[in-house]
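Engineer: sequence-free structure coming up:
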(Lines give C-alpha, C1' and ligand atoms only; values in the text may rest on other atoms or scores of the structure.)
Protein backbone atom coordinates (compact mmCIF):
# COMPACT_ATOMS: atom_id res chain seq x y z
CA UNK A 1 0.00 0.00 0.00
CA UNK A 2 2.94 2.35 0.63
CA UNK A 3 4.03 2.06 -3.00
CA UNK A 4 0.50 2.85 -4.17
CA UNK A 5 0.30 5.89 -1.92
CA UNK A 6 3.68 7.08 -3.20
CA UNK A 7 2.51 6.83 -6.82
CA UNK A 8 -0.71 8.63 -5.90
CA UNK A 9 1.31 11.44 -4.32
CA UNK A 10 3.41 11.76 -7.49
CA UNK A 11 0.26 11.80 -9.62
CA UNK A 12 -1.23 14.58 -7.51
CA UNK A 13 1.94 16.65 -7.89
CA UNK A 14 2.63 16.05 -11.57
CA UNK A 15 -0.69 14.89 -12.91
CA UNK A 16 -2.46 18.22 -12.89
CA UNK A 17 -3.28 20.50 -15.79
CA UNK A 18 -2.34 23.81 -14.16
CA UNK A 19 0.96 24.11 -16.02
CA UNK A 20 -0.57 22.81 -19.25
CA UNK A 21 -3.41 25.32 -19.08
CA UNK A 22 -0.89 28.11 -18.56
CA UNK A 23 1.09 27.04 -21.65
CA UNK A 24 -2.10 26.74 -23.71
CA UNK A 25 -3.06 30.24 -22.64
CA UNK A 26 0.31 31.54 -23.84
CA UNK A 27 -0.33 29.90 -27.20
CA UNK A 28 -3.72 31.58 -27.40
CA UNK A 29 -2.13 34.92 -26.52
CA UNK A 30 0.40 34.50 -29.35
CA UNK A 31 -2.36 33.82 -31.87
CA UNK A 32 -4.50 36.67 -30.55
CA UNK A 33 -1.63 39.16 -30.78
CA UNK A 34 -0.80 37.98 -34.31
CA UNK A 35 -4.41 38.43 -35.39
CA UNK A 36 -4.49 41.93 -33.93
CA UNK A 37 -1.26 42.80 -35.70
CA UNK A 38 -2.57 41.60 -39.06
CA UNK A 39 -5.85 43.42 -38.53
CA UNK A 40 -3.98 46.65 -37.81
CA UNK A 41 -1.68 46.31 -40.85
CA UNK A 42 -2.92 43.77 -43.45
CA UNK A 43 0.21 44.22 -45.55
CA UNK A 44 2.37 42.75 -42.75
CA UNK A 45 0.63 39.37 -42.60
CA UNK A 46 3.49 37.47 -44.25
CA UNK A 47 6.08 38.87 -41.83
CA UNK A 48 3.79 38.34 -38.84
CA UNK A 49 3.12 34.69 -39.70
CA UNK A 50 6.81 34.07 -40.28
CA UNK A 51 7.68 35.49 -36.87
CA UNK A 52 4.85 33.47 -35.28
CA UNK A 53 6.06 30.05 -36.47
CA UNK A 54 9.00 29.60 -34.09
CA UNK A 55 7.24 30.76 -30.85
CA UNK A 56 4.17 28.71 -31.79
CA UNK A 57 6.21 25.54 -32.32
CA UNK A 58 7.97 26.10 -29.02
CA UNK A 59 4.61 26.59 -27.27
CA UNK A 60 3.20 23.37 -28.74
CA UNK A 61 6.33 21.49 -27.62
CA UNK A 62 5.81 22.71 -24.05
CA UNK A 63 2.17 21.58 -24.08
CA UNK A 64 3.14 18.15 -25.42
CA UNK A 65 5.86 17.85 -22.77
CA UNK A 66 3.35 18.70 -20.05
CA UNK A 67 0.88 16.12 -21.32
CA UNK A 68 3.62 13.51 -21.64
CA UNK A 69 4.52 13.99 -17.97
CA UNK A 70 0.88 13.62 -16.98
CA UNK A 71 0.41 10.46 -19.07
CA UNK A 72 3.61 9.00 -17.59
CA UNK A 73 2.44 9.60 -14.00
CA UNK A 74 -1.01 8.23 -14.78
CA UNK A 75 0.46 5.14 -16.40
CA UNK A 76 2.67 4.42 -13.38
CA UNK A 77 -0.29 4.88 -11.04
CA UNK A 78 -2.41 2.51 -13.12
CA UNK A 79 0.32 -0.14 -12.98
CA UNK A 80 0.58 0.30 -9.20
CA UNK A 81 -3.19 -0.18 -8.91
CA UNK A 82 -3.10 -3.33 -11.03
CA UNK A 83 -0.22 -4.69 -8.98
CA UNK A 84 -1.93 -4.00 -5.65
CA UNK A 85 -5.45 -5.07 -6.61
CA UNK A 86 -5.11 -8.15 -8.73
CA UNK A 87 -8.33 -9.30 -10.40
CA UNK A 88 -9.91 -12.11 -8.40
CA UNK A 89 -13.14 -13.99 -8.73
CA UNK A 90 -15.91 -12.67 -6.55
CA UNK A 91 -17.34 -14.96 -3.86
CA UNK A 92 -19.96 -17.13 -5.49
CA UNK A 93 -22.41 -18.86 -3.21
CA UNK A 94 -24.56 -21.71 -4.43
CA UNK A 95 -27.63 -20.11 -2.88
CA UNK A 96 -28.24 -16.50 -3.87
CA UNK A 97 -31.09 -15.20 -1.68
CA UNK A 98 -31.70 -12.28 -4.06
CA UNK A 99 -32.13 -14.41 -7.19
CA UNK A 100 -35.79 -15.07 -6.36
CA UNK A 101 -36.37 -11.59 -4.93
CA UNK A 102 -35.92 -9.44 -8.01
CA UNK A 103 -38.96 -7.38 -7.07
CA UNK A 104 -37.39 -6.38 -3.75
CA UNK A 105 -34.10 -5.55 -5.44
CA UNK A 106 -35.83 -3.36 -8.03
CA UNK A 107 -37.81 -1.65 -5.30
CA UNK A 108 -34.64 -0.86 -3.35
CA UNK A 109 -32.98 0.59 -6.47
CA UNK A 110 -36.02 2.69 -7.36
CA UNK A 111 -36.33 3.97 -3.79
CA UNK A 112 -32.64 4.89 -3.77
CA UNK A 113 -32.99 6.85 -7.02
CA UNK A 114 -36.02 8.71 -5.67
CA UNK A 115 -34.24 9.53 -2.41
CA UNK A 116 -31.24 10.86 -4.35
CA UNK A 117 -33.46 13.13 -6.42
CA UNK A 118 -32.74 11.26 -9.66
CA UNK A 119 -36.39 11.34 -10.68
CA UNK A 120 -35.80 11.01 -14.43
CA UNK A 121 -33.56 7.99 -13.95
CA UNK A 122 -36.04 6.48 -11.50
CA UNK A 123 -38.89 6.95 -13.99
CA UNK A 124 -36.92 5.23 -16.75
CA UNK A 125 -35.80 2.40 -14.46
CA UNK A 126 -39.33 1.74 -13.22
CA UNK A 127 -40.73 1.79 -16.76
CA UNK A 128 -38.14 -0.75 -17.90
CA UNK A 129 -38.64 -2.92 -14.81
CA UNK A 130 -42.39 -2.89 -15.43
CA UNK A 131 -41.89 -4.00 -19.02
CA UNK A 132 -40.08 -7.17 -18.00
CA UNK A 133 -41.79 -10.46 -17.16
CA UNK A 134 -41.64 -11.32 -13.44
CA UNK A 135 -39.22 -14.12 -12.52
CA UNK A 136 -40.69 -17.62 -12.42
CA UNK A 137 -40.53 -19.75 -9.33
CA UNK A 138 -38.56 -22.88 -10.20
CA UNK A 139 -40.61 -25.19 -8.00
CA UNK A 140 -44.11 -24.04 -8.90
CA UNK A 141 -43.61 -22.36 -12.27
CA UNK A 142 -45.57 -19.33 -11.03
CA UNK A 143 -44.35 -15.74 -10.69
CA UNK A 144 -42.36 -15.48 -7.49
CA UNK A 145 -42.80 -12.62 -5.03
CA UNK A 146 -45.96 -11.40 -6.77
CA UNK A 147 -49.61 -11.34 -5.84
CA UNK A 148 -52.10 -11.85 -8.61
CA UNK A 149 -54.03 -8.77 -9.56
CA UNK A 150 -57.65 -8.41 -10.62
CA UNK A 151 -56.81 -9.56 -14.14
CA UNK A 152 -54.85 -12.60 -12.98
CA UNK A 153 -51.44 -11.02 -13.58
CA UNK A 154 -49.00 -9.39 -11.18
CA UNK A 155 -50.00 -6.11 -9.55
CA UNK A 156 -48.87 -2.69 -10.61
CA UNK A 157 -45.36 -2.18 -9.24
CA UNK A 158 -45.69 1.48 -8.26
CA UNK A 159 -49.38 2.03 -7.78
CA UNK A 160 -50.44 5.64 -8.04
CA UNK A 161 -53.21 6.17 -10.55
CA UNK A 162 -53.68 9.80 -9.54
CA UNK A 163 -50.23 10.88 -10.70
CA UNK A 164 -50.16 12.93 -13.90
CA UNK A 165 -46.90 13.06 -15.79
CA UNK A 166 -45.59 16.35 -17.07
CA UNK A 167 -45.39 15.11 -20.67
CA UNK A 168 -47.24 12.73 -22.94
CA UNK A 169 -45.04 9.73 -22.24
CA UNK A 170 -46.62 6.59 -20.75
CA UNK A 171 -46.95 6.79 -17.00
CA UNK A 172 -44.09 4.67 -15.60
CA UNK A 173 -45.60 4.62 -12.12
CA UNK A 174 -48.41 2.34 -13.23
CA UNK A 175 -48.27 -0.88 -15.16
CA UNK A 176 -51.30 -2.94 -15.93
CA UNK A 177 -49.29 -5.57 -17.77
CA UNK A 178 -47.21 -6.57 -14.77
CA UNK A 179 -43.60 -6.67 -13.75
CA UNK A 180 -41.54 -4.55 -11.37
CA UNK A 181 -41.96 -4.11 -7.66
CA UNK A 182 -44.52 -2.50 -5.38
CA UNK A 183 -44.36 0.27 -2.82
CA UNK A 184 -47.65 -1.10 -1.50
CA UNK A 185 -46.12 -4.31 -0.17
CA UNK A 186 -47.98 -5.57 2.88
CA UNK A 187 -44.75 -6.93 4.31
CA UNK A 188 -43.18 -3.49 4.65
CA UNK A 189 -43.43 -1.56 7.90
CA UNK A 190 -42.32 1.73 6.38
CA UNK A 191 -44.81 4.56 6.05
CA UNK A 192 -43.38 5.22 2.62
CA UNK A 193 -44.57 1.79 1.52
CA UNK A 194 -48.16 2.98 1.85
CA UNK A 195 -47.84 5.66 -0.82
CA UNK A 196 -47.16 5.51 -4.52
CA UNK A 197 -43.88 6.37 -6.16
CA UNK A 198 -45.40 9.50 -7.65
CA UNK A 199 -46.28 10.78 -4.20
CA UNK A 200 -42.82 9.89 -2.95
CA UNK A 201 -41.34 11.87 -5.82
CA UNK A 202 -43.41 14.88 -4.78
CA UNK A 203 -42.21 14.49 -1.19
CA UNK A 204 -38.54 14.26 -2.12
CA UNK A 205 -38.92 17.13 -4.59
CA UNK A 206 -40.11 19.25 -1.68
CA UNK A 207 -37.22 18.03 0.47
CA UNK A 208 -34.58 18.90 -2.13
CA UNK A 209 -36.15 22.31 -2.75
CA UNK A 210 -35.90 23.14 0.96
CA UNK A 211 -32.44 21.57 1.24
CA UNK A 212 -31.17 23.63 -1.71
CA UNK A 213 -32.42 26.80 -0.03
CA UNK A 214 -30.67 25.79 3.20
CA UNK A 215 -27.29 24.67 1.89
CA UNK A 216 -26.83 26.81 -1.20
CA UNK A 217 -28.74 30.01 -0.43
CA UNK A 218 -28.63 29.97 3.38
CA UNK A 219 -32.37 30.64 3.32
CA UNK A 220 -34.10 29.36 6.43
CA UNK A 221 -37.66 30.40 5.60
CA UNK A 222 -38.76 27.28 3.63
CA UNK A 223 -37.36 24.95 6.30
CA UNK A 224 -38.94 26.94 9.15
CA UNK A 225 -42.30 26.94 7.37
CA UNK A 226 -42.09 23.16 6.88
CA UNK A 227 -41.13 22.61 10.53
CA UNK A 228 -44.01 24.77 11.77
CA UNK A 229 -46.44 22.95 9.50
CA UNK A 230 -45.35 19.63 11.03
CA UNK A 231 -44.69 20.99 14.51
CA UNK A 232 -46.95 18.52 16.34
CA UNK A 233 -45.55 15.48 14.54
CA UNK A 234 -41.97 16.64 15.18
CA UNK A 235 -42.72 17.17 18.85
CA UNK A 236 -44.16 13.66 19.14
CA UNK A 237 -40.88 12.38 17.69
CA UNK A 238 -38.94 14.37 20.29
CA UNK A 239 -37.31 16.41 17.54
CA UNK A 240 -35.65 19.78 18.13
CA UNK A 241 -35.50 20.68 14.43
CA UNK A 242 -37.82 23.68 14.63
CA UNK A 243 -35.85 25.15 17.52
CA UNK A 244 -32.54 24.54 15.76
CA UNK A 245 -33.81 26.40 12.70
CA UNK A 246 -35.16 29.31 14.76
CA UNK A 247 -31.94 29.47 16.76
CA UNK A 248 -29.94 29.73 13.55
CA UNK A 249 -32.33 32.44 12.36
CA UNK A 250 -31.73 34.29 15.65
CA UNK A 251 -27.97 34.10 15.05
CA UNK A 252 -28.44 35.20 11.44
CA UNK A 253 -30.40 38.29 12.50
CA UNK A 254 -27.93 38.98 15.29
CA UNK A 255 -25.05 39.10 12.80
CA UNK A 256 -27.01 40.89 10.06
CA UNK A 257 -25.49 44.16 8.87
CA UNK A 258 -27.90 45.19 6.09
CA UNK A 259 -31.64 45.61 5.78
CA UNK A 260 -31.71 42.99 3.03
CA UNK A 261 -31.17 40.36 5.71
CA UNK A 262 -34.61 41.01 7.23
CA UNK A 263 -36.77 40.71 4.13
CA UNK A 264 -39.42 38.09 4.84
CA UNK A 265 -40.93 35.51 2.50
CA UNK A 266 -42.87 37.04 -0.34
CA UNK A 267 -40.48 39.98 -0.58
CA UNK A 268 -42.17 42.04 2.14
CA UNK A 269 -40.13 44.07 4.60
CA UNK A 270 -39.91 42.29 7.91
CA UNK A 271 -40.80 43.77 11.33
CA UNK A 272 -37.10 44.24 12.16
CA UNK A 273 -36.44 46.83 9.46
CA UNK A 274 -34.23 49.77 10.46
CA UNK A 275 -32.89 47.96 13.55
CA UNK A 276 -29.34 46.88 14.19
CA UNK A 277 -28.46 43.20 14.44
CA UNK A 278 -28.91 42.52 18.18
CA UNK A 279 -32.21 44.43 18.30
CA UNK A 280 -33.49 42.46 15.33
CA UNK A 281 -32.56 39.24 17.10
CA UNK A 282 -34.23 40.40 20.31
CA UNK A 283 -37.47 41.26 18.52
CA UNK A 284 -37.39 37.88 16.76
CA UNK A 285 -36.85 36.12 20.10
CA UNK A 286 -39.87 37.89 21.61
CA UNK A 287 -42.08 36.77 18.75
CA UNK A 288 -40.76 33.22 18.37
CA UNK A 289 -39.08 31.74 21.44
CA UNK A 290 -42.22 31.65 23.58
CA UNK A 291 -43.24 28.63 21.52
CA UNK A 292 -40.22 26.73 22.87
CA UNK A 293 -40.49 27.83 26.50
CA UNK A 294 -41.54 24.38 27.74
CA UNK A 295 -38.81 22.24 26.19
CA UNK A 296 -35.97 24.69 25.49
CA UNK A 297 -36.39 27.30 28.23
CA UNK A 298 -32.73 27.10 29.25
CA UNK A 299 -31.47 27.42 25.67
CA UNK A 300 -33.77 30.32 24.76
CA UNK A 301 -32.89 32.17 27.95
CA UNK A 302 -29.19 31.73 27.21
CA UNK A 303 -29.62 33.06 23.67
CA UNK A 304 -31.39 36.19 24.91
CA UNK A 305 -28.70 36.57 27.59
CA UNK A 306 -26.09 36.76 24.86
CA UNK A 307 -27.29 40.29 24.11
CA UNK A 308 -25.34 41.48 27.15
CA UNK A 309 -22.12 40.38 25.40
CA UNK A 310 -23.02 42.01 22.09
CA UNK A 311 -19.87 44.12 21.65
CA UNK A 312 -17.47 41.25 22.46
CA UNK A 313 -19.10 38.00 21.34
CA UNK A 314 -15.74 36.56 20.26
CA UNK A 315 -14.52 36.42 23.87
CA UNK A 316 -17.92 35.56 25.37
CA UNK A 317 -19.26 32.15 26.46
CA UNK A 318 -21.52 32.26 23.39
CA UNK A 319 -18.71 32.19 20.84
CA UNK A 320 -19.47 28.60 19.78
CA UNK A 321 -23.11 29.51 19.06
CA UNK A 322 -22.49 32.63 16.99
CA UNK A 323 -19.32 31.52 15.20
CA UNK A 324 -20.10 27.91 14.32
CA UNK A 325 -18.83 27.16 10.81
CA UNK A 326 -20.73 23.84 10.72
CA UNK A 327 -24.10 25.25 11.80
CA UNK A 328 -25.66 25.25 8.32
CA UNK A 329 -24.35 21.79 7.54
CA UNK A 330 -25.61 20.41 10.86
CA UNK A 331 -29.09 21.87 10.50
CA UNK A 332 -29.28 20.55 6.93
CA UNK A 333 -28.48 17.04 8.17
CA UNK A 334 -31.10 17.40 10.93
CA UNK A 335 -33.69 18.48 8.38
CA UNK A 336 -32.99 15.48 6.10
CA UNK A 337 -33.11 13.12 9.09
CA UNK A 338 -36.45 14.42 10.33
CA UNK A 339 -37.97 14.68 6.85
CA UNK A 340 -37.10 11.05 6.09
CA UNK A 341 -38.19 10.05 9.58
CA UNK A 342 -41.63 11.55 8.94
CA UNK A 343 -41.88 9.22 5.92
CA UNK A 344 -40.77 6.24 7.98
CA UNK A 345 -37.39 6.12 6.23
CA UNK A 346 -33.84 6.12 7.50
CA UNK A 347 -31.66 9.20 7.06
CA UNK A 348 -29.42 7.39 4.58
CA UNK A 349 -30.49 5.20 1.71
CA UNK A 350 -30.56 1.52 2.80
CA UNK A 351 -29.18 0.52 -0.60
CA UNK A 352 -26.22 2.88 -0.19
CA UNK A 353 -25.60 1.54 3.33
CA UNK A 354 -25.82 -2.10 2.21
CA UNK A 355 -23.55 -1.63 -0.81
CA UNK A 356 -20.95 0.36 1.16
CA UNK A 357 -20.91 -2.12 4.04
CA UNK A 358 -20.74 -4.97 1.54
CA UNK A 359 -17.80 -3.35 -0.25
CA UNK A 360 -15.95 -3.05 3.05
CA UNK A 361 -16.71 -6.67 3.97
CA UNK A 362 -16.02 -8.13 0.52
CA UNK A 363 -12.19 -8.53 0.87
CA UNK A 364 -12.64 -10.38 4.18
CA UNK A 365 -15.29 -12.68 2.72
CA UNK A 366 -13.17 -13.32 -0.39
CA UNK A 367 -10.19 -14.26 1.75
CA UNK A 368 -12.39 -16.44 3.94
CA UNK A 369 -13.71 -18.35 0.92
CA UNK A 370 -10.21 -18.82 -0.47
CA UNK A 371 -8.75 -20.05 2.83
CA UNK A 372 -11.65 -22.41 3.52
CA UNK A 373 -11.33 -23.77 0.00
CA UNK A 374 -7.62 -24.43 0.46
CA UNK A 375 -7.97 -26.23 3.79
CA UNK A 376 -11.19 -27.98 2.86
CA UNK A 377 -13.08 -26.30 5.70
CA UNK A 378 -16.82 -26.05 5.99
CA UNK A 379 -18.92 -23.21 7.35
CA UNK A 380 -21.56 -24.71 9.62
CA UNK A 381 -22.55 -21.75 11.77
CA UNK A 382 -26.17 -20.64 11.41
CA UNK A 383 -26.84 -16.89 11.01
CA UNK A 384 -23.32 -16.12 12.14
CA UNK A 385 -20.07 -15.38 10.30
CA UNK A 386 -16.99 -17.36 11.36
CA UNK A 387 -14.89 -14.18 11.22
CA UNK A 388 -15.43 -10.64 12.39
CA UNK A 389 -16.16 -7.98 9.76
CA UNK A 390 -14.67 -4.66 10.90
CA UNK A 391 -17.18 -1.95 9.98
CA UNK A 392 -17.03 1.77 10.85
CA UNK A 393 -19.10 2.84 13.88
CA UNK A 394 -21.64 4.53 11.59
CA UNK A 395 -22.55 1.10 10.19
CA UNK A 396 -23.13 -0.57 13.56
CA UNK A 397 -26.88 -0.28 14.04
CA UNK A 398 -27.59 -2.91 16.70
CA UNK A 399 -25.95 -3.33 20.07
CA UNK A 400 -24.92 -6.81 21.16
CA UNK A 401 -26.33 -8.06 24.47
CA UNK A 402 -24.51 -10.78 26.39
CA UNK A 403 -26.48 -12.30 29.24
CA UNK A 404 -24.65 -11.68 32.55
CA UNK A 405 -25.95 -15.02 33.88
CA UNK A 406 -25.32 -17.47 31.03
CA UNK A 407 -22.56 -15.38 29.34
CA UNK A 408 -24.25 -16.14 26.01
CA UNK A 409 -25.07 -13.64 23.29
CA UNK A 410 -28.76 -12.87 22.83
CA UNK A 411 -30.50 -14.07 19.66
CA UNK A 412 -33.98 -13.72 18.15
CA UNK A 413 -35.00 -16.93 19.91
CA UNK A 414 -33.29 -15.92 23.15
CA UNK A 415 -33.87 -12.14 23.44
CA UNK A 416 -32.91 -9.94 26.41
CA UNK A 417 -35.69 -9.56 28.99
CA UNK A 418 -36.00 -6.67 31.44
CA UNK A 419 -37.20 -7.64 34.90
CA UNK A 420 -39.44 -5.31 36.95
CA UNK A 421 -36.40 -4.28 38.99
CA UNK A 422 -34.66 -3.00 35.84
CA UNK A 423 -32.01 -5.72 35.48
CA UNK A 424 -31.75 -7.43 32.10
CA UNK A 425 -31.00 -11.11 31.49
CA UNK A 426 -31.57 -13.51 28.59
CA UNK A 427 -34.93 -15.23 28.21
CA UNK A 428 -33.48 -18.73 28.62
CA UNK A 429 -31.71 -17.70 31.83
CA UNK A 430 -34.96 -16.27 33.18
CA UNK A 431 -36.83 -19.48 32.36
CA UNK A 432 -34.18 -21.60 34.08
CA UNK A 433 -34.21 -19.42 37.20
CA UNK A 434 -38.01 -19.30 37.38
CA UNK A 435 -38.33 -23.02 36.59
CA UNK A 436 -41.38 -22.41 34.47
CA UNK A 437 -43.82 -19.76 35.61
CA UNK A 438 -42.95 -19.68 39.29
CA UNK A 439 -42.09 -16.59 41.25
CA UNK A 440 -38.33 -16.04 41.27
CA UNK A 441 -35.76 -13.65 42.69
CA UNK A 442 -33.61 -11.46 40.47
CA UNK A 443 -30.03 -12.80 40.41
CA UNK A 444 -28.69 -9.29 41.12
CA UNK A 445 -31.10 -7.86 43.70
CA UNK A 446 -33.70 -9.07 46.24
CA UNK A 447 -36.72 -8.10 44.12
CA UNK A 448 -39.02 -11.01 43.28
CA UNK A 449 -41.33 -11.22 40.27
CA UNK A 450 -43.07 -13.55 37.81
CA UNK A 451 -41.80 -14.28 34.28
CA UNK A 452 -44.96 -12.69 32.85
CA UNK A 453 -43.89 -9.36 34.37
CA UNK A 454 -40.68 -9.26 32.31
CA UNK A 455 -40.57 -7.21 29.12
CA UNK A 456 -38.68 -7.99 25.94
CA UNK A 457 -35.90 -5.51 25.17
CA UNK A 458 -35.53 -4.54 21.53
CA UNK A 459 -32.08 -3.20 20.66
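Structural biologist: That came in fine, so what should we check first? Because the structure is a prediction, the values reported are computed rather than measured.
Engineer: is it true that residue 417 lies in a helix?
Structural biologist: No - Residue 417: not assigned to a helix; according to DSSP: H, G, I helix; E, B strand; the rest coil it is strand.
Engineer: Give me the nearest residue to it, chain neighbours excluded.
Structural biologist: residue 454 (4.3 Å; Cβ to Cβ, 6 or more residues apart in numbering). In this view, the C-beta of every residue, glycine as well, is placed from N, C-alpha and C.
Engineer: What separation is there between that neighbour and residue 415?
Structural biologist: The gap separating residue 454 from residue 415 is 10 Å, by Cβ to Cβ, to the nearest Å.
Engineer: who has more neighbours, the two?
Structural biologist: residue 454 (19 against 15; other Cβ atoms under 10 Å).
Engineer: roughly how far apart are that one and residue 434?
Structural biologist: Residue 454 is 9 Å from residue 434, where distance means Cβ to Cβ.
Engineer: Could you do residue 365 as well?
Structural biologist: Computed as Cβ to Cβ, the residue 365 to residue 434 distance reads 41 Å.
Engineer: same check, this time on residue 313
Structural biologist: 61 Å.
Engineer: Residue 125: neighbouring residues, count only.
Structural biologist: Residues near residue 125, counting by other Cβ under 10 Å, number 19.
Engineer: Please state the backbone phi and psi of the residue nearest the centre of the chain?
Structural biologist: The structure's the chain has its C-alpha centroid closest to residue 348; by Cα atoms, centre = their mean the separation is 3.8 Å. The phi and psi values for residue 348, taken as degrees, to the nearest 10, are phi -110, psi 150.
Engineer: can you check residue 440 too?
Structural biologist: phi -140, psi 160.
Engineer: who are the neighbours in contact with it?
Structural biologist: Residue 440 sits next to 430, 433, 434, 448, 449, 450, 451 when contact means Cβ atoms under 8 Å, 6 or more residues apart in numbering.
Engineer: Distance check, it against residue 335.
Structural biologist: Taking Cβ to Cβ as the criterion, residue 440 is separated from residue 335 by 49 Å.
Engineer: same thing with residue 366?
Structural biologist: Using Cβ to Cβ, residue 366 is found at 39 Å from residue 335.
Engineer: if you count what's nearby, which of those two comes out ahead?
Structural biologist: Using other Cβ under 10 Å as the criterion, residue 366 and residue 335 rank with residue 335 on top: 22 against 14.
Engineer: Just give me the neighbour total for the residue nearest to the more buried one when sequence neighbours are not counted.
Structural biologist: Nearest residue to residue 335, sequence neighbours excluded (Cβ to Cβ, 6+ apart): residue 223, at 5.6 Å. When neighbours are defined as other Cβ under 10 Å, residue 223 has 24 of them.
Engineer: helix or strand for residue 223, which one?
Structural biologist: Using DSSP states H and E, residue 223 sits in helix 221-229.
Engineer: what does residue 56 give?
Structural biologist: helix 45-84.
Engineer: Show me what that helix is packed up against.
Structural biologist: Helix 45-84 sits against helix 2-14, helix 18-40, with contacts defined as 3 or more Cβ pairs under 8 Å, 6 or more residues apart in numbering; DSSP states H and E.
Engineer: rewinding a little: looking at the contacts of residue 440, state which has the most neighbours.
Structural biologist: residue 430 (22 neighbours).
Engineer: got the contact list for stretch 423-439?
Structural biologist: By Cβ under 8 Å, 6+ apart, stretch 423-439 touches 401, 403-406, 408, 410, 414-419, 440-445, 448-452, 454, 456-457.
Engineer: Just the buried ones among those, please.
Structural biologist: By neighbour count, with 16 or more other Cβ atoms under 10 Å, the contacts of stretch 423-439 hold 401, 403, 410, 414, 416, 417, 419, 440, 442, 449, 451, 454 as buried.
Engineer: dump the residue contacts of the second one.
Structural biologist: Read that as residue 403. Residue 403 makes contacts with 409, 410, 416, 425, 426, 428, 429, as judged by Cβ under 8 Å, 6+ apart.
Engineer: Check the fifth one too.
Structural biologist: The contact partners of residue 416, taken as Cβ under 8 Å, 6+ apart, are 401, 403, 410, 424, 425, 426, 427, 456, 457, 459.
Engineer: so the fourth one bridges to which residues?
Structural biologist: Read that as residue 424. residue 418 (DSSP bridges).
Engineer: Would you mind measuring from it to residue 439?
Structural biologist: Distance, residue 424 to residue 439, using Cβ to Cβ: 19 Å.
Engineer: neighbour count winner among these two?
Structural biologist: Neighbours per residue (other Cβ under 10 Å) separate residue 424 from residue 439, with residue 424 holding more: 18 against 10.
Engineer: Can you give me the pLDDT of that one?
Structural biologist: Residue 424 is assigned 92 on the pLDDT scale.
Engineer: for the one 3 residues further on, same thing?
Structural biologist: Per-residue pLDDT puts residue 427 at 91.
Engineer: For stretch 305-319, measure first residue to last.
Structural biologist: End-to-end span of stretch 305-319 (Cα to Cα, to the nearest Å): 13 Å.
Engineer: circling back to that earlier point, among the contacts of residue 416, which are located in strands?
Structural biologist: Per DSSP state E, strands hold the following members of those: 424, 425, 426, 456.
Engineer: Of those residues, which pair is most distant in space?
Structural biologist: The span of these, defined through Cβ to Cβ, is set by 425 and 456 at 12.0 Å.
Engineer: what touches both of these two?
Structural biologist: Taking Cβ under 8 Å, 6+ apart as the criterion, residue 425 and residue 456 both touch 416, 417.
Engineer: Which of the helices or strands spans the closest residue to residue 228 other than its chain neighbours?
Structural biologist: Excluding its sequence neighbours, the residue lying closest to residue 228 (Cβ to Cβ, 6+ apart) is residue 242, at 6.6 Å. In the assignment (DSSP H and E), residue 242 maps to helix 241-254.
Engineer: now the helix or strand harbouring residue 127: mean pLDDT?
Structural biologist: Applying DSSP H and E as the criterion places residue 127 in helix 119-131. Mean per-residue pLDDT for helix 119-131: 86.
Engineer: next one: stretch 29-48
Structural biologist: Average pLDDT, stretch 29-48: 87.
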